[in-house]
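Q: structure, please.
(one chain, ligands or ions: 1)
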Amino acid sequence: MQDLFADTPIEIHLKESSAILFRNILTPERADLICRSLRAHTPWKQDKINYMGKVVPVPRLAAWYSKTLQSYFYSGIKVAAHPYTNLITELNNLVESATGCEFNSVLVNLYRDGNDSVSWHADDEPSLGRSITIGSLSFGESRDFQLKRKDGHGNTITIELDNGSLLLMKHPTQRFWLHQIPKRKNIGDQRINLTFRYLV
Ligand SMILES: O=C(O)CCC(=O)C(=O)O
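A: Numbering: from 1, shown residues only. Below you'll find the model as predicted:
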């Protein structure tokens, strides 16, 4: 993995918490290569969840990797872990060197086009412990990433996450804030996002 190539990090002030955006953590060429490799070699799966009493497919594809092979529970489903590949290990190391935080697991999401999305949620599953830091690495098409307070106060914040960008959501963002990737018309290209976490 080549050296970090980031622009000056941008601090995003969130009430009671904060996030840091690192744009261009990789060169565009390197980010494109990684995007293609992840697209081709990830064991993508479309999970189904219970939503208002119905079993529905989630509007994206995903794969869960864990260094410690721990399964992951979210939205009432259990997802088995894949072992870290060389590329996932390199990306984990990259995110750790940029942020100084430790990660041991990652959810990889593929948004095939603007119809794919993830709705409002917090990454606050009990397996993540009490102090949760998330390192979110994006490849491919730029998409809007939105944050809003759980208590309904204040405005929704929108950040564009581009190819080769890293967003660090510090503790206690997951306690007070929700996030989503909304559907968008006119987005024909794919985006891959990796949310690195630390399972206790
Ligand atoms: O795709 C993103 O930027 C967010 C993904 C996400 O929220 C998640 O995996 O929990």
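
Q: so for the helix or strand harbouring Phe196, what's the average pLDDT?
A: Using DSSP states H and E, Phe196 sits within strand 191-197. For strand 191-197, mean pLDDT is 98.

Q: average pLDDT for stretch 117-133?
A: Rounded mean pLDDT across stretch 117-133 is 94.

Q: picking up where we left off before, give me the residues contacting the strand holding Phe196.
A: With C-beta atoms under 8 Å, 6 or more residues apart in numbering as the test, strand 191-197 has contacts from 35, 38-39, 42, 88, 91-92, 95, 103-111, 123, 128, 132, 134-143, 161, 181. In short, each C-beta sits where N, CA and C put it, glycine included.

Q: run through those and flag the ones next to the ligand.
A: By C-beta under 6 Å from any ligand atom, the members of the contacts of strand 191-197 lying near the ligand are 107, 109, 123, 136, 161, 181.

Q: you'd agree the third one is up against Pro172?
A: No - with contact defined as C-beta atoms under 8 Å, Asp123 does not count as touching Pro172 (11.9 Å).

Q: coming back round to it: neighbour-wise, which one of the ones next to the ligand among the contacts of strand 191-197 leads?
A: The residue in those with the most neighbours, by other C-beta atoms under 10 Å, is Ser136 (24 neighbours).
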